[in-house]
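[1] below are the sequence and a predicted model for it; my questions follow.
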Amino acid sequence: MSNNSFTESPFKTIISFHKLIENLEDIASADVDYRSNYAKALLKETELFPEFRDGIEDISFIKKHETLIHNLLADLFPTALTHNEIKAISIPFQDITFNYTERFKKILQNAGVTFDMEIRDFEQDEFYIFNCILILNTYYQQHFDFNKPLFYDIPNANGIINHYRILYNADFIEVIPTQNAAHLSQNDIDLLMDNYENITLWKEKFPKESWILKGFGIITLIDVTRENAISNLKSNLLKPESSQANSKLSFETIFRSIFKISDLRIGLIIYNEEQEKFTNPPNDEKEIKSFILNGFEEIDCKNTVYGCSLETILEKKKSMIISDVEQFSKIPGNERLAQHLLQQNVKSCIFAPVIKDNTILGIIELVSAKPKELNTVNATNLDLVLPYLIDTMERYKIDMQHQIEAIIQREYTAIHSSVYWKFRREALKYYQTSSPNKDYIFKEIIFKEVYPLYGQIDIKGSSEHRNQTVKEDLKNQLKTLIQLLEKQKSNESLILLEQRIFELQSFDKELESSLKADTEQQIQSYIETEIHPILRNTKMDIDSEMATKNYFESLDEKTGMFYQSRKKFDNTMSVINKKLALVLDKKQIEAQQIYPHYYERFKTDGVEHNLYIGASIAPTKPFNMLYLQNLRLWQLQTLCEMEIEHHQLKETLPYELDVTSLILVFSSPISIRFRMDEKRFDVDGTYNARYEVVKKRIDKANIKGTKERITQKEKITIVYSHNAEENEYLKYIKYLQHKKILESTIEQFEVEELQGVSGLRAIRVKVINTNLKNHTLDNTHNDLVNELN
């Protein structure tokens, strides 16, 4: 017998059989002899124990008189049905149960002595309120609907959780108020109706043990394991991925309940129709593994590991069911797949395609370590869950497509967060239009009156360095080939070899002068068509053969040429660009706190960036020129940090490269327009185009009247047009000199006239390269402008 686990109730519970005894008394006074005699005999026995009529408060009394109670309840618990029905005596919503049918006893016995039978998801407050509603419906004749399904979750002997729906019969229960019971008006009842979750109010209207619950109820359990498991599966599949904690455990538990197989394991793979591949679902924890993939991220559907075994799934779109893998392995053509499964302790399995509109979305895998556990008969259980799996996998594919598109947009065609709102507003107008299929003319995305800031940190002499490394690789390759052919000449009497050596030497001499645009391509084509065939088709001695083998192993896989020097150069360029871009992006997050502004960055032979700030970009925030000044100072100090970062990085690089830094100051506001054809922002209007012209030509400019470039390594050059801009940046420089970031020497000069542009001037100042970059560069945003003024 189970006892009640809840400590508080509006009821004082008294187990009584008074209504049943009254029914027996009616039968005893009837004329039917056998029924009358039977009732009289039971009444005679119960008369000895007035507790049966007056009420039982001591639970031990029930255990002591178990047989008499069983006989007293014989009409309600027919012997013929005791092995079929799951029934017992109980008090509604409480865990007090006794007088079980034989089937109920067996269920509890299989659950084990440690099992504690409790109603699922039923808490103390809910128990209290349900009892109050019972009083309202029985005593006050209300019609509160509180038919919430209640369940017991009981494990069987194999550890599979079975789910049972609870049904109560309260025909033999009487609800009686005590002197402490509060009389409720209709207003009180209406108040309770509108305050279901207010437990304090319910306890106020129904004080603890202010009512008597006298009698007994009958509890009947209905096995709804399969239905409940399917419901749980549906709930789990509807959850967002972030909420699907321990998904493998929960799904396996659900499928074990459906199939009633204790060691059932599940797997899942996604079918990529476009690439004809099986892939794992995107699961960070890799909780749900695939028994077909078994550790691989993806495999080709025509993978020879499986032979023709998966033809049933892919071509016929039918489930593949193997009831005995060991027997399956004896069929020619199935050996490799069978061995693949047996290595994972799979003795029987079901591989079922998940199909939508005649297209395979994926495969659900069910496996067991026991032969015959999974077969064509119980495979029909999948029909119950496949509709939900189809919807889920279709939703997954749609979500995946959306995420891929989002990644493409973010990584390749990103719209910066500062201007995203305007694109979203225009897209929303398109979406909300009453005729979406009608041609819609998108409004141009323009931001007027914005102030541009341009900066770059360029790898000095990158073209010369690149050409030099190309020449080094070509000369080394030509030298190696000449040596190989010289060895061949001693082994083979081929006049052609002498000609080829002469031609290689000619190419080598040609490389002594400046590298022409097509030189590399000519040499590459010559080596591939004229030299490599000789090396591959000529008989050699052991030394020559080894040297030739080493030569071919030294070639780059993509180009078929030497790539040693260029690789060092390319790797260095990549490391510098990546590191400097990382610094800039990180500092940009801080800069957005100054005032929202548009930001874009480009990697070329260095890192360039454009900033645009103005009221039109953030119309909900008041704009002040102090924000522009603050952003200009931020830009200058960020370039300082990037210079210092490169200086510290330079010692670790495989190829020594220097950088130069430049800032272009432009104080006139301009307009920028999103070019729909190019999917990017560009300056708008003829006047504003002057800014773009200056940007493209300034970094290669010289100091006026000299051949000296305006940019130099480890120095920042600031190009401007007006005296006000000069005075502003001299303040910034003075401040950063005070912070020990810039050196004290300041160079000022005029810039040579560029095509269509004249009157430019520049300031140049050296960065102090120390190892204390964080000490001086942090904490400068809060009061920069105030300090300058």
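    On my side now, so go ahead. Residues are numbered from 1 along each chain as shown.

[2] quick one: pLDDT of residue 239?
    Confidence at residue 239, expressed as pLDDT, is 64.

[3] same thing with the one 3 residues further on?
    Looking at residue 242, its pLDDT stands at 50.

[4] can you check residue 37 too?
    pLDDT at residue 37 comes out at 86.

[5] what about it, neighbour count?
    Residue 37 is flanked by 12 other residues according to other CB atoms under 10 Å. In short, each C-beta sits where N, CA and C put it, glycine included.

[6] from here on, call the first residue 4.
    That works, and once the first residue is 4, the last one we named lands at residue 40.

[7] and it, helix, strand or coil?
    helix (DSSP: H, G, I helix; E, B strand; the rest coil).

[8] where does pLDDT dip in the stretch 554-703 of the chain?
    679-683, 685, 687-691 (pLDDT under 70).

[9] need the strands for it, in chain order.
    For the stretch 554-703 of the chain, the strands defined by DSSP state E, counting those that start in this stretch occupy 601-607, 609-616, 662-668, 673-678, 683-687.

[10] for the stretch 354-503 of the chain, give me the ranges with low pLDDT.
    408-419, 431-445, 492-497.

[11] all strands for it, in order.
    Using DSSP E, counting those that start in this stretch, strands in the stretch 354-503 of the chain cover 362-371, 449-462.

[12] which SS state does the nearest residue in space to residue 271 that is not next to it in sequence fall under?
    The shortest distance from residue 271 to any residue other than its chain neighbours is 5.3 Å, reached at residue 291 (CB to CB, 6 or more residues apart in numbering). Following three-state DSSP, residue 291 is assigned to coil.

[13] confidence score at residue 291?
    At residue 291, pLDDT is 75.

[14] that one and residue 365: what is the separation?
    11 Å (CB to CB, to the nearest Å).

[15] kindly report the same for residue 37.
    Computed as CB to CB, the residue 37 to residue 365 distance reads 66 Å.

[16] then residue 507?
    57 Å.

[17] check residue 531 too.
    Where residue 365 is concerned, residue 531 sits at a distance of 45 Å (CB to CB).

[18] show me which of those two is the more surrounded one.
    The residue with more neighbours, out of residue 531 and residue 365, is residue 365; 25 against 13, by other CB under 10 Å.

[19] ok, residue 231 touching residue 155?
    No - assessed by CB atoms under 8 Å, residue 231 is found out of contact with residue 155, at 10.8 Å.

[20] show me which of these two is the more surrounded one.
    Here residue 231 and residue 155 are compared on neighbour count by other CB under 10 Å; more neighbours surround residue 231, at 22 against 19.

[21] can you tell me the SS state at that one?
    Going by three-state DSSP: residue 231 is helix.

[22] not counting its neighbours along the chain, what's nearest it?
    residue 166 (3.8 Å).

[23] now the strand or helix carrying the one you found: buried residues?
    According to DSSP states H and E, residue 166 maps onto strand 164-172. In terms of neighbour count (16 or more other CB atoms under 10 Å), strand 164-172 has its buried residues at 164-167, 169, 171.

[24] got it, and stretch 350-367?
    350-358, 363-367.

[25] for residue 743, state which of these is nearest.
    residue 365 (61.3 Å; CB to CB).

[26] on that earlier part again, now do the shared contacts for residue 291 and residue 365.
    Here residue 291 and residue 365 share the contacting residues 271, 284, scored by CB atoms under 8 Å, 6 or more residues apart in numbering.

[27] rewinding a little: kindly indicate which of the buried residues of strand 164-172 lies nearest residue 651.
    residue 164 (60.5 Å).

[28] distance of that closest one relative to residue 253?
    11 Å.

[29] now residue 79: how far from residue 104?
    11 Å.

[30] again, but for residue 276
    Counting by CB to CB, the gap from residue 276 to residue 104 is 54 Å.

[31] what's the answer for residue 129, then?
    28 Å.

[32] more neighbours: which of the two?
    Set residue 129 next to residue 104 and count neighbours by other CB under 10 Å: residue 104 wins out with 21 against 18.

[33] any idea of the pLDDT on that one?
    So, for residue 104, pLDDT stands at 95.

[34] now it: phi and psi?
    phi -70, psi 160 (degrees, to the nearest 10).

[35] I'd say it and residue 82 touch.
    No - with contacts counted by CB under 8 Å, residue 104 stays clear of residue 82, the gap being 9.5 Å.

[36] since that was my last question, I'll sign off now.
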